[in-house]
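Novice: Have a look; sequence and predicted model below, questions after that.
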Amino acid sequence: MTDNTIQYLVLDRRDPDANMARFYVLSIEESLFGDASLIREWGRIGTKGQRRVELHESTSRAAEALETWLRRKQRRGYRIRSAPTSS
């Protein structure tokens with residue numbers, strides 16, 4: 001994988017008024033057979049959630065799919081979770 005490819009991304013969507021606290025994780029990993037795979041995980045924060053694996057012919061195709069899912073989720077109100085800062 002190239003250095004400029006996003007390999008792991010955590011999004012969340014929170015709305016206390018609607019009792020909503022959801023997460024969405026996008027990651028690119030190599031499959032057992034050497035193909036690139038886009039792993040999507042989602043659910044309510046604090047639960048195991050669901051997981052879906054999409055196989056792609058190359059890392060660049062998986063990265064394109066990741067970008068598509070990222071834009072889709074951002075339109076629905078998900079925001080990239082910032083890394084926690086150390087005290």
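Specialist: Structure's in. What do you need?
Novice: which parts of stretch 15-30 are buried?
Specialist: Across stretch 15-30, burial judged by 16 or more other CB atoms under 10 Å covers 22-28. All C-beta atoms are positioned from the backbone trio N, CA, C, and that covers glycine.
Novice: elements contacting the particular helix or strand that has Q74 in it?
Specialist: For Q74, the host element (DSSP states H and E) is helix 59-75. For helix 59-75, the contact count by 3 or more CB pairs under 8 Å, 6 or more residues apart in numbering; DSSP states H and E identifies strand 8-15, strand 20-30, strand 36-44, strand 50-56 as packing neighbours.
Novice: Save the ones you listed as a markdown table, and put in mean pLDDT and distance to A62 too.
Specialist: Converted to a markdown table, the helices and strands packed on helix 59-75 look like this (pLDDT from 0 to 100; distance: least, CB to CB, whole Å):
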| stretch | mean pLDDT | distance to A62 |
| --- | --- | --- |
| strand 8-15 | 93 | 12 |
| strand 20-30 | 95 | 5 |
| strand 36-44 | 96 | 4 |
| strand 50-56 | 96 | 4 |
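Novice: And the residue nearest the centre of this structure?
Specialist: L26 (1.7 Å; CA atoms, centre = their mean).
Novice: From what I see, that residue and I39 are in contact.
Specialist: Yes. At 7.4 Å, L26 and I39 qualify as touching, with contact defined as CB atoms under 8 Å.
Novice: my read: Y78 touches R14, true?
Specialist: No. Y78 is beyond contact range of R14, at 9.7 Å (criterion: CB under 8 Å).
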